[in-house]
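In: Next comes the sequence, and after it the predicted model I'd like to discuss.
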Amino acid sequence: MNTAITFCHLKQHQLLLVKGPDAKKFLQGQVTCDINALSEQSDTSIPVPFGAHCTHKGRIVFSFRGIQLPSDTENQEIALSIPKDMADIATAALKKYSVFSKVDIHIDNDTYQLFGVNGKDVKNALQAFVGNDTLPTETNTAIHTSAGTIICIANDCYELWLNTEQAQRFADHMANKTMADDEYWDEVKIRAGIVDIHTDTSGVFTPHALNYHNIGDAVSFSKGCYTGQEVVARMQYLGQLKRQLYLFTSKEIMPIKLTTGCSLYAKDKTQSVGDVAMVSHYDQQTYLLASTIVEYAEKDAVFADADHQYPLQLVTG
């Protein structure tokens, strides 16, 4: 991947806002991460965990990155960044449980625009944008500044949540940098081991299948009950993971185009040995994260098709 600074206007992502006196309490009982650990302080880095909302059977309905926005005490506001195609599913999933909570749940269509930026010298570029404010340097932390909300999602990799005025200023600031699209940003996240749930994988994977239990604070095993918690905890303490998340790339340009939810195969097994969780075909290069049977992934013996014509290469290190 190009190490030059590249930025993206993330038009295929948006914010799901949960606002009201019960916002934290409500989400704490619904999602895998510890919402009570969120803070709205603006003078220091604050936690921005990855997380998921699951079914009672422990399957992920939608994934998100969450942050507490500055707000008054009586109206806590939590923003969850989700893929745009998940807006209806995520909203309906939370509203189903919100009847007895004082919360308003809606998709933000007007206030915020989301951007991604990465590259070897990205910190200097962002520092010039935010001025005297201190950038977050630890993964899954953020800072609210007058220039906008800046989130560190991986090494040399940031997301920005900006209002209209801030977004225009950021676009002007990055005018001499390379601009890419959402698929580039998907590749950035894939290479960082971060899986977003989309409509065709909603309800398919458990958090463990996507390595969420090892991504920062995406799954809390001490926060108490939430939807699907018993199944997730049982896998953590009693289960044995037969499939784990692996990063693959194509050994050659394939005439077939893998998509999320596709099966992967091996020569000595009739059934699939893995399922594609997230894939990017940016710049004629395929990268994908797949929940795959361990022995086949680590033998580097996985194929993109049932006829075993298109081998995939395990990416390590």
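Out: Structure received.
In: May I ask you to confirm that residue 236 belongs to a helix?
Out: Yes: the assignment for residue 236 by DSSP: H, G, I helix; E, B strand; the rest coil puts it in a helix.
In: That one contacts residue 221, doesn't it?
Out: Yes: between residue 236 and residue 221 there is a contact under CB atoms under 8 Å: 6.0 Å. For glycine as for every other residue, the C-beta is placed from the backbone atoms N, C-alpha and C.
In: Pretty sure residue 185 sits in a helix.
Out: Yes: Residue 185 forms part of a helix when assessed by three-state DSSP.
In: which other helices and strands contact whatever helix or strand residue 87 lives in?
Out: For residue 87, the element it lies in under DSSP states H and E is helix 87-95. Based on contacts counted as 3 or more CB pairs under 8 Å, 6 or more residues apart in numbering; DSSP states H and E, the elements that helix 87-95 packs against are strand 13-20, strand 50-54, strand 60-69, strand 104-107.
In: right, and the ones you listed - which one's nearest residue 174?
Out: strand 13-20 (17.7 Å; CB to CB).
In: Quick check on residue 244: phi, psi?
Out: When read as degrees, to the nearest 10, the backbone of residue 244 gives phi -130, psi 170.
In: What residues are bridge-paired with it?
Out: Per DSSP bridges, the residues bridged to residue 244 are residue 292.
In: hang on, it packs against residue 296?
Out: No: using CB under 8 Å, residue 244 makes no contact with residue 296, being 11.0 Å away.
In: More neighbours: which of these two?
Out: Between residue 244 and residue 296, counted using other CB atoms under 10 Å, the more crowded position is residue 296 (22 against 18).
In: Quick one: low-confidence residue ranges for the stretch 1-150 of the chain.
Out: Along the stretch 1-150 of the chain, segments meeting pLDDT under 70 span 1-3, 40-43, 72-73.
In: what about 80?
Out: Within the stretch 1-150 of the chain, the segments meeting pLDDT under 80 span 1-3, 40-44, 71-74.
In: Now for residue 47: which residues touch it?
Out: 37, 38, 39, 140, 141, 142, 217 (CB atoms under 8 Å, 6 or more residues apart in numbering).
In: And those residues, which is closest to residue 128?
Out: Using CB to CB, those come closest to residue 128 at residue 142, 18.3 Å.
In: what secondary structure does the closest one sit in?
Out: Applying three-state DSSP: residue 142 is strand.
In: Any idea how many residues pack against it?
Out: 24.
In: circling back to that earlier point, just want the angle from the helix holding residue 87 to strand 60-69.
Out: On the basis of axes from the mean of the first three to the mean of the last three CA atoms, to 10 degrees, helix 87-95 is oriented at 80 degrees to strand 60-69.
In: Not counting its own residues, what contacts helix 87-95?
Out: 14, 16, 18, 30, 53, 61-62, 64, 80, 82, 105-107, 199, 202.
In: From the residues you listed, list just the buried residues.
Out: By neighbour count, with 16 or more other CB atoms under 10 Å, these hold 14, 16, 18, 30, 53, 61, 62, 64, 80, 82, 105, 202 as buried.
In: sorry, back to before: just so I know, which of the helices and strands packed on helix 87-95 lies nearest residue 129?
Out: strand 60-69 (18.5 Å).
In: Show me how far the helix or strand that comes right after the closest one is from its chain's centre.
Out: Counting by DSSP H and E, the next helix or strand C-terminal to strand 60-69 is strand 76-83. Strand 76-83 sits 12 Å away from the centroid of its parent chain (CA atoms, centre = their mean, to the nearest Å).
In: How about strand 76-83, which residues are buried there?
Out: In strand 76-83, counting by 16+ other CB under 10 Å, buried: 76, 77, 78, 79, 80, 81, 82, 83.
In: which one of those residues sits closest to residue 163?
Out: residue 79 (12.4 Å).
In: Tell me if I'm right that that closest one and residue 64 touch.
Out: No: using CB under 8 Å, residue 79 is not in contact with residue 64; the gap is 9.0 Å.
In: what is in contact with those two at once?
Out: residue 16.
In: Can you check the contacts of residue 47 and name whichever has the most neighbours?
Out: residue 142 (24 neighbours).
In: For the helix holding residue 87, buried residues please.
Out: 87, 89, 90, 91, 93, 94.
In: Closest to residue 154 out of the residues you listed?
Out: residue 90 (22.9 Å).
In: who's the nearest residue to the closest one once chain neighbours are set aside bridged to?
Out: By the measure of CB to CB, 6 or more residues apart in numbering, the closest residue to residue 90 outside its immediate chain neighbours is residue 62, 4.2 Å from it. Beta-bridge partners recorded for residue 62 (DSSP bridges): residue 53.
In: Next, the contact list for residue 62, please.
Out: So residue 62 contacts 52, 53, 82, 86, 89, 90, 93, 197, 202 (CB under 8 Å, 6+ apart).
In: Which secondary structure element is home to the last one?
Out: Under the assignment given by DSSP H and E, residue 202 is not contained in any helix or strand.
In: State the helix or strand in which residue 179 lies.
Out: strand 178-180.
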